[in-house]
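# Give me a 3D structure for the following:
(one chain, ligands or ions: 1)
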Amino acid sequence: MKNISIIGLQWGDEGKGKIVDYLAKDYKTIVRFQGGPNAGHTVYVNNKKYVFHQLPSGLLWGNKKGIIGSGVVLDIETLKKEIEQIKDINFKLIIDYRANIILPYHKLEDEMEESMGGIGSTKRGISQAYRDKYARIGIRVFDVLNEDRLKIALKRNYEFNRALISSRYSKEIMSFDEVYEYVLSFKNFLLEFSSDAQYEILNEKEGIIFEGAQGTLLDITFGTYPFVTSSHTITSGIGISLGIPLNIIDENIGVFKAYTTRVGKGPFPTELNDEIGEYIRNKGNEYGSTTGRARRCGWLDLVLLKYAVLMNNINYLILTKLDVLFGLSEVKVCVAYEYKNNIVDFPPVYDLENVKPIYKTFKGFDSVEGASEYISFIESYLNRKIVFVSYGFEREAMLKL
Ligand code: IMP
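Residues are numbered from 1 along each chain as shown. Take a look at the predicted model:
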């Protein structure tokens, strides 16, 4: 059985949840390797909608193993609610000892920072939890299992965050005893579900899906910094987030929408601030599954997509939400940029504010078959095969090409 990764090739919201669910039928283990409850992976089964923020998608088939890997930041309250949501389904869950925990004041801080300007985060305390991780003052799942260890680690974390919140935002936070009790209240839960997931993954023989969250252009280093998330969303991130060699992965599957969206601030060369953008937003229901925010919409950007295909070593592509474009009289794709008086087809991602998209225009289409010219063009531009087209939210609305 092959190990595969499912990677978002745009700014997130490519429909990875549905794809992971679809492919998970034939797999036993699904691993979330980065991000946290900023993700909102939506899966529809039997007309019921599930949104996974922390749990891997793909558990709905029953008898699957879900792993929350070491590179994830974990909101345990959210996770417990999600588990409750699927309590009738049999699955095994493993949370890595090394995953860092999002604390209540991380969320408060994220909200305060956003109210002062910010980058348009999901306000889930993601960047604050990762900051503490890299400052070596984070609280790991393993710390919660031992009260003495937790007290020492939490004291440092608490003092740092209290001072920061009081000086920068003039806010008082909960007392140390309150936060200590709060975290400790998860001890039994974590005793039940936590383990060494790196060991599990390195010794798994039956095939794994590595489920990416967010998207390539939100990668902390290679995305549109600073308008990015705080983890490595690209395939290289799988190795570093989980402590595994990348050659464990046989195939990287890239998921992209037939158009582009992004939430939050930041450059977006093909953005449509007109009635077509509005049409796509309404028809595609482009509102955040985590925050409800309206997503910014625009044409497909093949320059950025090619960058994502190369950077992630993508073997195959899956095209989603093609149906949203049905009915438009014409459809455009960006094939190059004008940048500093030159025509370029490799994106200056660090200076994306200053590119001007150059488009190729296609006649509109009303079906997957009718879009064959559009699909073939994308395949030849990216030099990769599109193996599935998703054309609706239901599990069954998938066409194998
Ligand atoms: P954060 O990850 O909450 O810190 O947000 C940083 C940026 O990433 C913001 O622009 C968010 O809108 C965006 N973002 C984070 N998670 C997702 C996601 O799952 N889908 C789309 N955008 C996301």
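# which ones are touching the residue of the stretch 251-400 of the chain found nearest the ligand?
Residue of the stretch 251-400 of the chain nearest the ligand, by C-beta to the nearest ligand atom: residue 264 (2.3 Å). The C-beta positions use only the backbone N, C-alpha and C, and glycine is treated the same way. By C-beta atoms under 8 Å, 6 or more residues apart in numbering, the contact set of residue 264 is 119, 120, 121, 122, 227, 293.
# do that again at 6 Å, thanks
Contacts were defined as C-beta atoms under 6 Å, 6 or more residues apart in numbering; by that measure residue 264 touches residue 120.
# quick thing: my sequence starts at 57, can you match it?
Sure, I'll start counting at 57 from here, so that last one is residue 320.
# Just the pLDDT for it.
For residue 320, the model assigns a pLDDT of 90.
# Buried ones in the longest strand along the chain, by neighbour count?
Counting residues, the longest strand found in the chain (DSSP state E) is strand 386-395. Neighbour-count burial for strand 386-395 flags 387, 388, 389, 390, 391, 392, 393, 395 (criterion: 16 or more other C-beta atoms under 10 Å).
# The ligand contacts on the stretch 307-456 of the chain?
319, 320 (C-beta under 6 Å from any ligand atom).
# pLDDT weak spots in the stretch 307-456 of the chain?
Low-confidence segments of the stretch 307-456 of the chain (pLDDT under 70): none present.
# Helices of that one, start to end?
Using DSSP state H, counting those that start in this stretch, the helices of the stretch 307-456 of the chain run over 331-339, 358-367, 428-438.
# Please identify the most buried of those helices.
Ranked by mean neighbour count, those are led by helix 358-367 with a mean of 22 (mean count of other C-beta atoms under 10 Å).
# Dump stretch 306-314 to PDB, restricted to CA.
Extracted C-alpha coordinates of stretch 306-314, given in PDB (Å, rounded to 0.1, in the frame of the first residue of the first chain):
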ATOM      1  CA  ASP A 306       5.200   7.500  -2.500                       C
ATOM      2  CA  GLU A 307       2.900  10.000  -4.100                       C
ATOM      3  CA  ASN A 308       2.100  13.700  -3.400                       C
ATOM      4  CA  ILE A 309      -1.400  14.600  -4.600                       C
ATOM      5  CA  GLY A 310      -2.100  18.300  -5.100                       C
ATOM      6  CA  VAL A 311      -5.600  19.700  -4.600                       C
ATOM      7  CA  PHE A 312      -6.600  22.900  -6.300                       C
ATOM      8  CA  LYS A 313      -9.900  24.700  -7.000                       C
ATOM      9  CA  ALA A 314     -10.900  25.700 -10.500                       C
END
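# Sort out which residues of that stretch are buried, please.
Neighbour-count burial for stretch 306-314 [16+ other C-beta under 10 Å]: 308, 309, 310, 311, 312, 313, 314.
# Tell me the spacing between the fourth one and residue 87.
From residue 311 over to residue 87 the distance is 16 Å, taken as C-beta to C-beta, to the nearest Å.
# What is the burial count for residue 135?
Residue 135 has 23 neighbours, counted by other C-beta atoms under 10 Å.
# ranges for the strands of the stretch 207-356 of the chain?
250-251, 264-267, 307-313, 316-318, 352-354, 356-357 (DSSP state E, counting those that start in this stretch).
# Does the second one reach the ligand?
Same thing as strand 264-267. No. Judged by C-beta under 6 Å from any ligand atom, strand 264-267 makes no contact with the ligand; its nearest approach is 11.8 Å.
# who does that strand touch, helix- and strand-wise?
When contacts are defined as 3 or more C-beta pairs under 6 Å, 6 or more residues apart in numbering; DSSP states H and E, strand 264-267 packs onto strand 60-64, strand 85-88.
# Give me the mean pLDDT for the last one.
What that stands for is strand 85-88. When pLDDT is averaged along strand 85-88, the result is 98.
# So which elements touch it?
strand 120-124, strand 264-267.
# and the last one, which residues are buried?
I take that to be strand 264-267. 264, 265, 266, 267.
# I figured the last one was touching residue 77, is that so?
No. The pair residue 267 and residue 77 fails to qualify as a contact (C-beta atoms under 6 Å) at a distance of 10.0 Å.
# show me what contacts residue 449?
So residue 449 contacts residue 100 (C-beta under 6 Å, 6+ apart).
# Please report how far it lies from residue 62.
17 Å.
# And residue 231, by the same measure?
Look at residue 231 and residue 62: by C-beta to C-beta, they are 42 Å apart.
# If I follow the layout properly, residue 333 ends up in contact with residue 353?
Yes. The criterion here is C-beta under 6 Å, and residue 333 meets it with residue 353 at 4.5 Å.
# before we move on, the earlier item: for the buried residues of strand 386-395, give me TSV that also has distance to residue 103.
TSV is the format used below for the buried residues of strand 386-395 (distance: C-beta to C-beta, whole Å):
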residue	distance to residue 103
387	30
388	34
389	33
390	36
391	39
392	43
393	42
395	47
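# which one among the residues you listed gets closest to residue 339?
Among the buried residues of strand 386-395, residue 387 lies closest to residue 339 (C-beta to C-beta), at 13.0 Å.
# The residue nearest to that closest one when sequence neighbours are not counted: how many residues sit nearby?
Closest residue in space to residue 387, ignoring its immediate chain neighbours: residue 418 at 4.7 Å, by C-beta to C-beta, 6 or more residues apart in numbering. Residue 418 is flanked by 16 other residues according to other C-beta under 10 Å.
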